[in-house]
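Participant: have a look at this prediction, sequence included:
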Amino acid sequence: MNIFKLAGMQLIKEGKNPKIDLSDLLDRAIEIRKWLDKHRLNTAKKIMQGEKIYKYHNKIKTYIGVI
């Protein structure tokens, strides 16, 4: 999925529709990219498939987001 489309979907789910401007979209896309760089693509795929708990190094984390 395109990172900008994902950022737009997340902003809409947070209730920022129809007031999404380019700077909001860009900021959210940067946040998503940083998260992906930190957690890698496999974790992102698991979350997109519905998992709520994931392992990051030796820690178990929970994801309670709107993606």
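Facilitator: Now that the structure is in, tell me what you want to look at.
Participant: number of residues surrounding Lys34?
Facilitator: By the criterion of other CB atoms under 10 Å, Lys34 has 10 neighbours. (Each C-beta comes from the backbone N, C-alpha and C, glycine too.)
Participant: element containing it?
Facilitator: helix 22-48 (DSSP states H and E).
Participant: now for that helix, which elements pack on it?
Facilitator: Judged by 3 or more CB pairs under 8 Å, 6 or more residues apart in numbering; DSSP states H and E, the packing partners of helix 22-48 are helix 3-13, strand 53-56.
Participant: helix/strand/coil for Pro18?
Facilitator: Secondary structure for Pro18, judged by DSSP: H, G, I helix; E, B strand; the rest coil, is coil.
Participant: ok, residues contacting stretch 23-40?
Facilitator: Ile3, Phe4, Leu6, Ala7, Gly8, Gln10, Leu11, Lys16, Ala44, Tyr54, Tyr56 (CB atoms under 8 Å, 6 or more residues apart in numbering).
Participant: using a markdown table, lay out the helices and strands packed on helix 22-48 together with mean pLDDT and distance to Leu25.
Facilitator: Formatted as a markdown table, the helices and strands packed on helix 22-48 follow (pLDDT from 0 to 100; distance: least, CB to CB, whole Å):
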| stretch | mean pLDDT | distance to Leu25 |
| --- | --- | --- |
| helix 3-13 | 85 | 5 |
| strand 53-56 | 64 | 26 |
